[in-house]
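Trainee: sharing a model that was predicted from the sequence below.
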Amino acid sequence: VQCHPKVSAWIKYAKFEMKNGEVPRARHVYERAVEKFADDEEAEMLFVAFAEFEERCKETERARCIYKFALDHIPKGRAEDLYRKFVAFEKQYGDREGIEDAIVGKRRFQYEDEVRKNPLNYDSWFDYIRLEESVGNKERVREVYERAIANVPPAEEKRYWQRYIYLWINYALYEELDAEDMERARDVYRECLKLIPHQKFSFAKIWLLAAQFEIRQMNLTGARQILGNAIGKAPKDKIFKKYIEIELQLGNIDRCRKLYEKYLEWSPENCYAWSKYAELEISLAETNRARAIFELAIAQPALDMPELLWKAYIDFEISEGEFQRTRELYERLLDRTKHLKVWISYAKFEATAMDALNSDLSEDQLQSHLLEQKSECIQHARRVFERAINYFRTSAPELKEERAMLLEEWLNMETSSGELGDVGIVQPKLPKKLKKRRQILAEDGPAGYEEYIDYLFPEETQTTNFKILEAAYKWKKQKLSSDDN
């Protein structure tokens, strides 16, 4: 061993002593070798031989200590065989806890290898963290979390951060729920919010989780401060909605109003925000305020879903019994759009817009008054349908299907009105359905034919008949002139 100071030479030396029954001498040789070669590249082979020697000597505790000492000192990349031997040893001699420790150690080794090769593979970090959490060593879990969050995505683009941000979320939840260390959880949220480049992108989820954490700690001021910062730095729909929800639950109506104002300053085209603001005022019986909000909303130059906003305004006026205001609203809406649904909705409203009856009247008078009102309603609805049909006939003759659907709705209203209805008004206006074929044109030319439904209205039938008569008259005139010649 002096001439050839290698691990293999020391192992041969120890085996020689063992062969001659000198167990203490053999152990002493292994111990001297460990002192010299603990950090050598071939140290794994030495530790495996030493542990197997103790195993043969029935010293299982000594062998276990050697394996554990070796696993702590040898770099993970050079300890594969050692791990395999240790797991086999624990399966043979260890109890359940020992076997689990060995298996955890093996998996820990695999995860270490994965995160060393690609530290930005966040799925590997999640698996590694789950493993450590299952073991339950707080310090070790924290160490892995800290190592994981240190791997910040290289580019400031949201798609690279979407997985990474969950490391912070899980870390904060671990500190709060498992470690029950509220100050550390607060620090995790604070550091995470500092790290995100809010000028380029942000995550509403992390702001809301931080605020909800403070609420759970009964720190309402802290929660408001976080949500206020969120609105200032990175306003988002979710943040406004949640902040308003919190203040509403606490009964702070003035704060809710201020938040809705901020929300609408940031996103004036947002119909959801306008509707919800108006709903808040309606729930407080602030009718004039609600009406003013709706008026401001429909006056916006651009809206993301104007149909929902107009419907909400119209429904509000109907619920208030303001039928004249509702009519004015429908007329203003028709100035903006002549969509089929608007005409149908207007007609249906007119068919049901009945004023409240005087309860002092007798039963016969009530019935008579009710019948009279119902008749007036149907007359109003007919006028709307007539206007709609005239519009589609003169200004949009190409929208035949819409015109046909409008007539169907009118017919349904007349049918469902019983004695007051008159289907005879609508039936002469109904079109005939014709099944036709048209050529399908693709980029490379005709691609066959398709069937479609066309509508032939009564006035078109008359025009067609007139054209046939005109053509026949021309033909007859030509025939007579040719006979004279």
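Mentor: Ah, there it is.

Trainee: next SSE after the longest helix seen in the chain?
Mentor: Secondary structure of the chain per DSSP state H: the longest helix is helix 363-394. Next helix or strand after helix 363-394 toward the C-terminus (DSSP states H and E): helix 400-416.

Trainee: now that following helix: buried residues?
Mentor: Neighbour counts over helix 400-416 (16 or more other CB atoms under 10 Å) mark 400, 402-407, 409-411, 413-414 as buried. The C-beta positions use only the backbone N, C-alpha and C, and glycine is treated the same way.

Trainee: for these, which one is nearest Lys158?
Mentor: Of all those, Lys158 sits closest to Glu402, with 42.7 Å by CB to CB.

Trainee: all strands for the chain, in order.
Mentor: 432-442, 445-456 (DSSP state E).

Trainee: okay, these in CSV with mean neighbour count next?
Mentor: Output for the strands of the chain, formatted as CSV (neighbours: other CB atoms under 10 Å):
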stretch, mean neighbour count
strand 432-442, 10
strand 445-456, 10
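
Trainee: got CSV for the ones you listed, with distance to Pro153 too?
Mentor: Shown next, in CSV, are the strands of the chain (distance: least, CB to CB, whole Å):
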stretch, distance to Pro153
strand 432-442, 45
strand 445-456, 48
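
Trainee: mind putting those into TSV with mean pLDDT?
Mentor: Formatted as TSV, the strands of the chain follow (pLDDT from 0 to 100):
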stretch	mean pLDDT
strand 432-442	82
strand 445-456	81
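
Trainee: quick one, which of these gets closest to Gln2.
Mentor: Closest of the strands of the chain to Gln2 is strand 432-442, at 90.0 Å (criterion: CB to CB).

Trainee: let me know the angle separating the closest one from helix 400-416.
Mentor: Counting by axes from the mean of the first three to the mean of the last three CA atoms, to 10 degrees, strand 432-442 lies at 150 degrees to helix 400-416.

Trainee: strand 432-442 pairs with which strands, and in what direction?
Mentor: strand 445-456 (antiparallel) (DSSP bridges).

Trainee: could I have the partner strand exported to CSV, CA atoms only?
Mentor: Taking C-alpha atoms only, strand 445-456 is exported to CSV below (Å, rounded to 0.1, in the frame of the first residue of the first chain):
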residue,chain,number,x,y,z
GLY,A,445,-62.7,26.9,-58.9
PRO,A,446,-66.2,25.4,-58.6
ALA,A,447,-66.5,22.6,-56.0
GLY,A,448,-70.0,21.3,-56.5
TYR,A,449,-73.4,22.5,-55.3
GLU,A,450,-75.2,23.0,-52.0
GLU,A,451,-78.9,23.2,-51.1
TYR,A,452,-80.3,26.3,-49.2
ILE,A,453,-83.7,27.6,-48.2
ASP,A,454,-84.9,30.8,-49.9
TYR,A,455,-88.0,32.8,-49.1
LEU,A,456,-90.4,34.2,-51.7
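
Trainee: from the chain's centroid, how far away is it?
Mentor: 40 Å (CA atoms, centre = their mean, to the nearest Å).

Trainee: what sits up against that strand?
Mentor: Outside strand 445-456, the residues within contact range by CB atoms under 8 Å, 6 or more residues apart in numbering are 400-401, 403-404, 431-441, 464.

Trainee: mind listing what the nearest residue to Phe86 once chain neighbours are set aside touches?
Mentor: With CB to CB, 6 or more residues apart in numbering as the criterion, Phe86 has its nearest non-adjacent residue at 4.4 Å, and that residue is Tyr67. By CB under 8 Å, 6+ apart, the contact list for Tyr67 reads 47, 51, 82, 85-86, 89.

Trainee: restricted to helices, list the residues you listed.
Mentor: Per DSSP H, the subset of these in helices is 47, 51, 82, 85-86, 89.

Trainee: tabulate the residues you listed (JSON lines), appending neighbour count.
Mentor: Listed next are those as JSON lines, based on neighbours: other CB under 10 Å:
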{"residue": "Phe47", "neighbour count": "28"}
{"residue": "Ala51", "neighbour count": "26"}
{"residue": "Leu82", "neighbour count": "21"}
{"residue": "Lys85", "neighbour count": "20"}
{"residue": "Phe86", "neighbour count": "27"}
{"residue": "Phe89", "neighbour count": "21"}
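
Trainee: nearest to Ser368 among these?
Mentor: Phe86 (99.1 Å).

Trainee: so that closest one touches Gly105, yeah?
Mentor: Yes - here Phe86 reaches Gly105: they are 7.0 Å apart, a contact under CB atoms under 8 Å.

Trainee: shared neighbours of the two, anything?
Mentor: What both Phe86 and Gly105 touch, as defined by CB under 8 Å, 6+ apart, is the set Leu71.

Trainee: measure Tyr171 to Tyr83 for me?
Mentor: 28 Å (CB to CB, to the nearest Å).

Trainee: same check on Ala210?
Mentor: When Ala210 is compared with Tyr83 (using CB to CB), they lie 41 Å apart.

Trainee: for the one residue sitting closest to the centre of the chain, which non-adjacent residue is closest in space?
Mentor: Centroid-nearest residue in the chain, with CA atoms, centre = their mean: Lys238, separated by 10.6 Å. Distances taken as CB to CB, 6+ apart put Ala204 closest to Lys238, at 4.0 Å, once the chain neighbours are dropped.

Trainee: right, and the one you found touches Pro235 too?
Mentor: No - applying CB under 8 Å as the test, Ala204 and Pro235 come out as separate, 9.4 Å apart.

Trainee: show me where the stretch 1-150 of the chain has helices.
Mentor: Counting by DSSP state H, counting those that start in this stretch, one finds helices in the stretch 1-150 of the chain at the ranges 7-19, 23-37, 43-56, 60-73, 80-93, 96-117, 122-135, 138-149.

Trainee: just put the ones you listed in a markdown table and tack on mean pLDDT.
Mentor: What follows is these, written out as a markdown table (pLDDT from 0 to 100):
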| stretch | mean pLDDT |
| --- | --- |
| helix 7-19 | 83 |
| helix 23-37 | 83 |
| helix 43-56 | 82 |
| helix 60-73 | 78 |
| helix 80-93 | 71 |
| helix 96-117 | 72 |
| helix 122-135 | 90 |
| helix 138-149 | 93 |
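
Trainee: ranking those by burial, who's on top?
Mentor: Among those, judged by mean count of other CB atoms under 10 Å, the one packed with the most neighbours on average is helix 43-56 (a mean of 20).

Trainee: out of the strands of the chain, which gets nearest to Cys377?
Mentor: That would be, of the strands of the chain and by CB to CB, strand 445-456, which comes in at 28.9 Å.

Trainee: show me the shaky parts of the stretch 301-450 of the chain.
Mentor: For the stretch 301-450 of the chain, the stretches with pLDDT under 70 are 355-362.

Trainee: look up how far Asn390 lies from Glu459.
Mentor: Taking CB to CB, one finds Glu459 at 12 Å from Asn390.

Trainee: so how far is Asp40 from the nearest residue in space to Lys338 that is not next to it in sequence?
Mentor: Using CB to CB, 6+ apart and skipping the chain neighbours, the partner closest in space to Lys338 is Tyr391 (5.7 Å). Distance, Tyr391 to Asp40, by CB to CB: 94 Å.

Trainee: now do the same contact list for Asn118.
Mentor: Under the criterion of CB under 8 Å, 6+ apart, the contact list for Asn118 reads Ser124.

Trainee: what residues are up against Asn151?
Mentor: Contacts for Asn151 (CB under 8 Å, 6+ apart) come out as 119-120, 122, 125, 164.
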